[in-house]
Each structure stands twice: as C-alpha cells, then as structure tokens.
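Participant: Pasting the sequence and the predicted coordinates here, then a few questions.
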Amino acid sequence: GNSVTQMEGPVTLSEEAFLTINCTYTATGYPSLFWYVQYPGEGLQLLLKATKADDKGSNKGFEATYRKETTSFHLEKGSVQVSDSAVYFCALSERDRDDKIIFGKGTRLHILP
Amino acid sequence: SQTIHQWPATLVQPVGSPLSLECTVEGTSNPNLYWYRQAAGRGLQLLFYSVGIGQISSEVPQNLSASRPQDRQFILSSKKLLLSDSGFYLCAWRRGDKRSEQFFGPGTRLTVL
C-alpha cells in the first residue's frame, strides 16, 4: 500500500542554518505530494504542494521538489528562523485511489536563537 | 473563501461521560470530511471520513463514532469516554478531487480524567 517515510526528529538547528527534512514515499500511481506544518497547539497548515514529477513547491522560503526517480519530496530552507520551530508532516494523495491522504509521522524542528 | 470551525477548543471530561465534538465547513459544498486524533507528541491517526451526508467510513475500531447530519457538518461522539481517548482532535475537509489537499480546523484538546 501507499506510505510516507520521513526522517525522525527532533531536528535541532541554530538560526540561519540550512534545513533539510527528508521524505520518501511509496505509491502505485502518480500521487500529489504535500508538506504541512503544525505550530504548537494549532491545526495543520498546508505549507506547499506538488502535483507532478519535477514540480517544485515553494512557500515562505521553503522548497520541495517532486522527484519521481527517487520517490522523494525533501523539504529545504536556506536560512531558518526561530519562528520555523514546529512539526512538519509530509503527505501524499493518489488520484485513482481512495479519499484518504497518507501522512508521515511528522518531524519536530527546534530552532535555537 | 472556505473556513472550517471546530468546537469546543478545549474540553475536560471524566471517564465514562459522553462526548460530542462538532466540525463545520463554510464556503464550499459537498466536501469530503475527516476526523483525526493526535496523541501527545505523536503523528496523525485517521479515525473517520465521509464523502457525503450519512456516509461514514471508520478506520480504527474504537470507542468513538461519527455522523454527518448535514453536508458541511461532521460530529464525533462517544457514549462513554476512556482515559485513552485523551488527545488533540482535528477535523479536516477537502474537495472531491482525490489529488487535492486537505484543510484542517484549529483542533479540540480533549483531556479525560
């Protein structure tokens, strides 16, 4: 079945460091891919998405590229801020399958000032 | 624009008491609706989803039930709460397009004592 695997956290970085959170997926078709962010005590917010191979999603300085050959959708940011501290979820949805979105387990990110 | 509401925001209930959490969506019609639970420091667990009025799919056998009495209303219930029902409950919606993203509500923090 479909699945999403993302790196376990917590990830701790200093402010202005480069961020990568790895995400790989297993899917039988051609999924849409998403990154969500959850700040403490809040619901999830869509951070970015990509719907086909080689698409790059971007938002708030974050980027992720849909790599079909490596089945990956790694999240990157060139210079993180303390306000980026949150939990990040990678997810996929397939057009020809059921109505569920498959989420990874989440990666907690701590940014130190 | 579309908005999603959940209430209450927080709830403290004794073991054995009933539960009713409500979720409503505005600004769209015939959405797919979802209930998730998030235990402390954990990922998302899909509990129920619905593709239409009166249509409920259950993902995990448990002490909870869901109903969709109206197109944009989704209710999570329990007749007798257990300690293990404590957690952060999130409602989400998406369009019928299976490649689209989900949009999440602000969540309800439930503590069962």
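Facilitator: Happy to help now that I have it.
Participant: Spatially, and excluding backbone neighbours, which residue is closest to B:Cys23.
Facilitator: B:Cys91 (3.4 Å; CB to CB, 6 or more residues apart in numbering or on different chains). Every residue, glycine included, has its C-beta placed from N, CA and C.
Participant: Sticking with that neighbour, tell me its helix or strand.
Facilitator: Taking DSSP states H and E as the criterion, B:Cys91 maps to strand B:87-94.
Participant: Residue numbers of chain A in contact with chain B?
Facilitator: Residues of chain A lying close to chain B (CB under 8 Å from any CB of the partner chain) are A:31-32, A:34, A:36, A:41-46, A:49, A:51, A:89, A:93-101, A:103-106, A:108.
Participant: picking up where we left off before, isn't the residue nearest to B:Cys23 up against B:Arg37?
Facilitator: No: in this structure, B:Cys91 is not within contact of B:Arg37 by CB atoms under 8 Å, at 10.8 Å.
Participant: tell me the phi and psi of B:Ser85?
Facilitator: For residue B:85 the amino acid is Asp, not Ser. Dihedral pair for B:Asp85: phi -80, psi -10, per degrees, to the nearest 10.
Participant: partners of the least confident helix or strand in chain A by mean pLDDT, with directions?
Facilitator: Every helix and strand in chain A was compared by mean pLDDT, DSSP states H and E; the lowest is strand A:102-103, with a mean of 92. In the sheet, strand A:102-103 lines up against strand A:86-93 (antiparallel) (DSSP bridges).
Participant: Let's see which of the residues of chain A next to chain B end up in strands.
Facilitator: The members of these that map onto strands under DSSP state E are A:32, A:34, A:36, A:44-46, A:49, A:89, A:93, A:103, A:108.
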